[in-house]
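model this:
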Amino acid sequence: MNRVTAGEIAELAGVSQSTVSRALRGSPLVNSKTRERVLRIANEKNYKVNTGASRLRSRQSRTLALLVHDDSEMGSDINPFFLSMIAAITKAATEKGYDILLSFQQFSENWIADYENSNKAEGVIMLGYGGYTDYIRKIGMLDNAHCVTWGPVIDGQPGHFVGCDNVHGGYIATRHLLDLGHRKIAFIGDVSDDCPEFQARYSGYRKAHEELGLDPTPQLQATANPSELGGYEAAERLIDRAVGHTAAFCATDLNAIGAIRAFRNRNVHVPADISVVGFDDLVSMAYATPALTTVRQDTAAAGHVLVETLLDLVRGNDVVSRLLPPELIVRQSSRQVRAEAMAKSRAGPRLTDAGRLDNAAPKARFNSR
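Modelled structure (predicted):
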């Protein structure tokens, strides 16, 4: 059976083909009687709109590009937090009648030309950006681009961003540990200028200390890339430094899982000997051993705000960058500091003649995969 065309519907309804198109779109330019007649005939003939051709004519793809920066140095194939974000963004776009064009790649110099200008997508959402300094340089070169980034919101930066209030997230995580009596709290994460989100979490960590008149020493900060292996290696360095910490706040949940593994391999038990708090609230963290206390980023809300902000840009509306509030989720990996642990933290761990921590197991290799 041959497929009926819009031209044939127009002939049967006694109107022009453009009127048929308007009637099927619900345009107010078509009176109600004509619209009803066109819709009745289209229904009788089982006519289906060719959405591809319609979009091509209108230059609207009804598609948003979602570009994910695949950082192969991180140690994981795909950041699990990004998987939650991808699902949330896709769901939010679907609710708005848009498809998502997903790409895992290293970004070109002009990804807007690759997607928006070629009519593959009406706008771009960026998830992950590699080095922040280089990314901001590229953003600054774009003129009136329909592009929104999940990332840090910093005064004076070019582009449009939606992100978590990382300073507050770092603050509530650290304040939780301080309220449990911990006074030597390590920070595991990269605080360089290329990682402004982790840097902001570290600022929140310091703010919580400063409120109590405390000044954490540089030895309590251990740089780590945001992977399990990064957390593992950072935790080992902290143990070897013998800084006497009774808690650790990790910049990511993956760092926290790696750190817990390292502590366990050195016979340092969580939470009996040391409390650990992560950041992200990955789905699996409630089922870790022990279940991880962490700071939740609301991915569902983030997906909606990213899509809505991008669509506002596409429609020519003014938009502002936004910070979304995090939430502390308390589970089993944090507890009140023990009196003996507090005493040890003041005196510092005792070293054996071999220079290794008392009761510490030999180092073990850790495969983050």
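
going by C-alpha atoms from here, please, whenever you check contacts or count neighbours.
Will do.

pretty sure Leu24 sits in a strand.
No - applying DSSP: H, G, I helix; E, B strand; the rest coil, one finds Leu24 to be helix, outside a strand.

distance of it from Glu8?
When C-alpha to C-alpha, to the nearest Å is the yardstick, Leu24 and Glu8 sit 14 Å from each other.

go on, Asn317?
Asn317 is 39 Å from Glu8, by C-alpha to C-alpha.

between those two, tell me which one has more neighbours.
For Asn317 against Glu8, the residue with the higher neighbour count under other C-alpha atoms under 10 Å is Glu8, and the figures read 16 against 10.

and the pLDDT at the more buried one?
Per-residue pLDDT puts Glu8 at 88.

that one is in what secondary structure piece?
Using DSSP states H and E, Glu8 sits in helix 6-13.

show me what that helix is packed up against.
Packing contacts for helix 6-13, counted by 3 or more C-alpha pairs under 8 Å, 6 or more residues apart in numbering; DSSP states H and E, involve helix 17-25, helix 32-44.

quick one: contacts of the longest one?
Which is helix 32-44. Around helix 32-44, the neighbours that count as contacts under C-alpha atoms under 8 Å, 6 or more residues apart in numbering are 9-10, 12-13, 20, 23-24, 26, 48.

which of those residues are buried, as a ChimeraX select command?
To isolate the buried ones among those in ChimeraX, judged by 16 or more other C-alpha atoms under 10 Å, type:
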select :9,10,13,20,23,24
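
can you list the contacts of helix 32-44 in CSV and add distance to Phe187?
Shown next, in CSV, are the contacts of helix 32-44 (distance: C-alpha to C-alpha, whole Å):
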residue, distance to Phe187
Ile9, 68
Ala10, 69
Leu12, 73
Ala13, 72
Val20, 64
Ala23, 62
Leu24, 59
Gly26, 58
Lys48, 59
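
tell me which two in the contacts of helix 32-44 are the farthest apart.
Across the contacts of helix 32-44, the longest distance by C-alpha to C-alpha is 18.9 Å; it joins Leu12 and Gly26.

all helices for the protein, in order.
6-13, 17-25, 32-44, 51-58, 80-95, 111-115, 132-141, 166-179, 196-211, 228-241, 253-265, 299-314, 339-347 (DSSP state H).
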